[in-house]
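[1] Prediction below, plus the sequence it came from.
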Amino acid sequence: MIAQGQARLLDILDYWHKVEFFLPYALEKYVEDFKEWETRWLSQEDLQQSKDSRWRNFSIPDDLQVKGFNLYIGVFDASVIATLCEPHLAALSVDENTFYEEQERVELEGLTCFAKIKLNAQAVPQLDAVSLSTAPWALGQTVSKGLGALGHQAFEDAKEQLVKLLHNFHGQRQQNDDPALMAEEVMHLHQLLCNWASFTPEQNSGTAVALIQVLTQPKVEKPLTQPSAAQATEVEDEEEPDTEIDILNSFFIKDIERAIASLQRAEQPLPLLQYLGEADPSKRIDLYTDHGRTAIYQALQPQCINPGHWPDEPGHAMSLMQQFAINTALGTLENSGVFSVNGPPGTGKTTLLRDMFAENIVRRARVLAGYSEAADAFVGGKKPQVTFKGMPNTYTIRALKPELTGYEMVVASSNNAAVENISRDLPKRKSLGKCWSNVQYLQPVAHKIAAQKSDGSISPLSDEDKPWGLICAALGNSGNRKALQERLFFNPVDTTEPNPPLTIRQWVDDYKGPTFKEACAAFKKADEEVSKALEERARYASLLEEMAATDEPAFLHPQQQSFNQAEQTRASAQQALDRQQQQLQATAQHLSSLQELERLIDRSRPVWWKRLFNTQAAKTHRNEQLENARLQRLAHEEINRAKSLLNNSLRPELESAQTALLFCKSELDARKAQWQGKCQCLDDFASRLGRPNLPGQLSELENSDFQINGLWHDAVLNRLRSTVFAAALTLHEAWLAEVAPSGSNGKGFSANLAAISLLLSNKTPEDERLTQVLWQSLFMVIPVVSSTFASFGNQFRGLGAGSLGWLYIDEAGQAVPQAAVGALWRAQRAMVVGDPLQIEPVFTLPQRLVKTLGQLSAHTANDAFAPNRVSVQSLADQNNRYGSVFKNDTDEELWIGSPLRVHRRCIEPMFSLSNQIAYGNKMVFGLPNAHAEQDAPVYSSSCWVDIPGNVEHKQVVPRQIEFMVDLLGQLYLRDGELPQLYVISPFKAVRLALQKAIRAAAWARPNHRPKLPAGELKQWLKASIGTVHTFQGKEQDTVFMLLGADPEHAGAAQWAASKPNLLNVALTRAKRRVYLVGDFDLWGSLRYFDAVSRGKFPLQRMGPAAFLAKLNALEEQA
């Protein structure tokens, strides 16, 4: 595949590489998250007037001290990118929908910069680790040489040139008496970068050219009984010999470059190759067809069920398509590859992933259980020694045997909330069924990680939120990695309470569980019981399928037919014998008659003389004698022939026929006994296992009952499967407790833990090959970790192609296609889960720029890989053999990977509306109740609040804004707290206007009562009010969709209604109530929204006054 399609693959990656060049660093958005005193914008005038350190002086709180600075140099407006690229872009017709698409999806606005330079507490620049934005360089290249001049090698050459320039700058600085960076040097650096990039932004008087951010830490830290992670890695920021240029604006460029180099070396990272491969529609199986339903039924046989099962309530069943996805993925990805799952909101994606996790842990435990001793898990011979850059110590570590690797599991997503939901929620007690309260895995360690705060104190956790085990951890950015390191290895909790939170070292020292051999025996027993149960159900299924395909007459037919034939043959043989015997008897009688006639003839013999003279009488007599003799001779011959036939043929044939008949009768009797045995066996199976609910016809798989409850699930089996998972965790614990003690009591894994601690603190092994050994060691302790795509390359730096066993991509429909390159390149197997009918990926660049870059290669000119047109999910779907055909808004047929269909989040009318507009009514309602009781914060059924009005700015309708502010204010004053709900708008302008209006509202002002705590409103506005992108992957009981627009600006509304995605996201965020707020006549006639206004499940139309009046009346009743 590499040889034949290398040019195509490299062109796709190069296209994405070029696209990433132009992405600006979102400096202005980054600054929004900081307090005002933490940052300062610097203009040329500020720097020119500052002859000392005043440019970097900050008024910081008394309890903090400066630990360093971040200096962002070369500030300019990101909109310049579109302006400067304009002359170089291909002509592209832009309709009204495309215009609004650019307005709402493209985020090429706000201030960005050239580079970030770290300064230490004394303001000395750390020029060894400059973070550089590629966008200014790409602009310079484009303006001077055109888009064709962009390329990986050209940028590498430019980086080398910049390194030399920075070295020269550093050399000149060494002549200064004061090592602190001066204001004039900031201007020097700014000019250096502009010259290097061949791009100098226009600067107006007072315009910022730089931003300085102060970094602080508490003056007094809590004393620790053993070193903190920060102290253990105190040389982390020390200078290293070589200057390294990091990429500031793109998280994916480096991994794309790694993938390109890998393909050029003729490596074959199969998941990445499959992801980029050309689809073969002829191999597809549409799961909504008869052929597809046959595939589903076959994949759901008991022998295909994964033995490992999450400790859920035993009575809870996987839905049909959940189990199909699990079974098929485990089979398809046995060695390598990609499998995609189309998972709309509420269809149990996390439940599916939990069982994938459980099965992999059980499989690895099966390998562990095959060892006689815990230390047998390690490779023999010379032990690897690892040292870290900038660190003095050397660690002698143990490498795992190859059969124990390949089980590493990473959850990745572009959505930080999605990965954190999985990695933070699965360890919680509430993720387990009530009957599994005794299951635990490194529970005291998990408790410490979940509850410990940055100052070392422990937050109290509710019973539901207390962790049951360290099944997974949220990693990704350096802050998460350091937090895990701090809590996993350091800051022991000083408490005398029972079952206290522990570090991993403390847990190893205090371990009192079963030995490794005992845990092996327990696991083997549990594993054997599951195997027997699955084998028994497989026999049951096979028997049921056999019996369902026949009945007793049909089952006996071959033997009955043989018996009947044998009986007929015996009867024919008997008849032939009887006929021959009858004929023999007749011939004997005839002979007897002839003999009697002979005597009579003799008596009538003429006298002698007549005989002498041969008279006529004598002649007649003689003739009679001769004729009689002839007839007797013939009779004798016939008798002899008959006797011979009887003795030599007919009797043996009869005997043979009788023997055959007896044999066929015995066969028939045996077959009857077999039938009776099967019937009895079926009754026995039914008495032990119950009678499974199976479809009479495959078309019945479409029925809700089968879709919800699946096939071959029962409480007994689920309990056994969860038991073996629990036993697998216990075995991992016992293994760790035996290999990890320090000193002579351990088996060398203690050094692995020490090295893991440094790895989590962003240290890099001198021998990069040992990075994989350390990650594999970490996954033996924490089976699953998570990361955003943005942090993936940095977290797993040093890992090459195929170095991670399993990659699970969540919310893949909202990830740009190039985001997954590095993760797929490092993975052996990947399961991609998402929904392209939710909101499309946010993409920064204009459509014309993306289109023009694509046209630089014939392999990318058709937009099949354009980041503004496709997602990780849609690319992964293309090469999934199992899926279904979906028609999009233009009736274009799209192939989506294995779809999940049972929805368990939203009640009516949200479910039916979403099902109708987005999923072709293929979804199945899976909740016990379709309608909810009245509940806060809004005591009113879902409806459409009809508020027409004129637009004031873009899509902002003041009357609608006023209504929402009034409503939110009433709820706040009633409850004394900000309401738990979402307000979603299709338009950024509406979101900004509502947030501004709320901040200005009387009830939100600091002097109002009840008073909002400091920062609470800001956080609430950020979390509760936004565009659809804000709420991707989230859910809330109550959702308002604030529509905006008016008839004079109907184009914006028509754009929002051009696809089902926007409305679908709003509907599927709402679990109990949804309220549309906007012009009913304008929006209600548009595509998709017409289903809400007058379709099968219309929302009631209400005026704002009537809504508020009803709201107040219902509140009084409540």
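    Arrived safely, thanks for sending. Keep in mind that this is a model prediction, so the values were computed, not measured.
[2] Going by C-alpha atoms from here, please, whenever you check contacts or count neighbours.
    Will do.
[3] And the pLDDT at the closest residue to N762 other than its chain neighbours?
    Residue nearest to N762 in three dimensions, not counting chain neighbours: S478, with 7.0 Å by Cα to Cα, 6 or more residues apart in numbering. Looking at S478, its pLDDT is 89.
[4] pretty sure S478 is in contact with K763, am I right?
    No. S478 is beyond contact range of K763, at 10.8 Å (criterion: Cα atoms under 8 Å).
[5] Have a look at the two and say which one is more surrounded.
    For S478 versus K763, neighbours defined as other Cα atoms under 10 Å are more numerous around K763 (19 against 15).
[6] roughly how far apart are the residue nearest to N762 and A790?
    11 Å (Cα to Cα, to the nearest Å).
[7] residues near E1016, how many?
    With other Cα under 10 Å as criterion, E1016 counts 12.
[8] can you check A1056 too?
    Residues near A1056, counting by other Cα under 10 Å: 26.
[9] now do the one 10 residues further on
    The local packing of A1066 (other Cα under 10 Å) involves 30 other residues.
[10] And the nearest residue to V902 once chain neighbours are set aside, how close does it get to R905?
    Nearest-residue entry for V902: V924, 4.7 Å, with adjacent residues in sequence omitted and distances by Cα to Cα, 6+ apart. According to Cα to Cα, V924 and R905 sit 11 Å apart.
[11] pull the longest helix from the chain.
    Ordering each helix of the chain by length in residues (DSSP state H) puts helix 552-603 first.
[12] And the following helix or strand past that one, what does it pack against?
    Downstream of helix 552-603, the first helix or strand assigned by DSSP states H and E is helix 608-612. Where contact means 3 or more Cα pairs under 8 Å, 6 or more residues apart in numbering; DSSP states H and E, helix 608-612 is packed against helix 616-645.
[13] Please enumerate the helices of the stretch 851-1000 of the chain.
    In the stretch 851-1000 of the chain, the segments counted as helices under DSSP state H, counting those that start in this stretch are 872-878, 910-918, 958-975, 988-1000.
[14] and L577, which of these is closest to it?
    helix 872-878 (74.8 Å; Cα to Cα).
[15] tell me how far that closest one is from the chain's mean position?
    How far helix 872-878 lies from its chain's middle: 12 Å, per Cα atoms, centre = their mean, to the nearest Å.
[16] What is the neighbour count of D52?
    The tally of other residues near D52 (other Cα under 10 Å) stands at 14.
[17] how far away is it from F925?
    Counting by Cα to Cα, the separation of D52 from F925 is 68 Å.
[18] now A149
    Per Cα to Cα, A149 is found 54 Å from F925.
[19] Helix or strand with the lowest mean pLDDT in the protein?
    When each helix and strand of the chain is scored by mean pLDDT, DSSP states H and E, helix 229-232 comes last, with a mean of 36.
[20] Please save the CA atoms from the next helix-or-strand element following that one in CSV.
    Using DSSP H and E, the helix or strand that follows helix 229-232 towards the C-terminus is strand 244-247. Output in CSV follows, covering the C-alpha atoms of strand 244-247 (Å, rounded to 0.1, in the frame of the first residue of the first chain):
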residue,chain,number,x,y,z
GLU,A,244,14.4,23.9,20.6
ILE,A,245,11.7,25.7,18.6
ASP,A,246,8.3,24.7,19.8
ILE,A,247,5.1,25.3,17.8
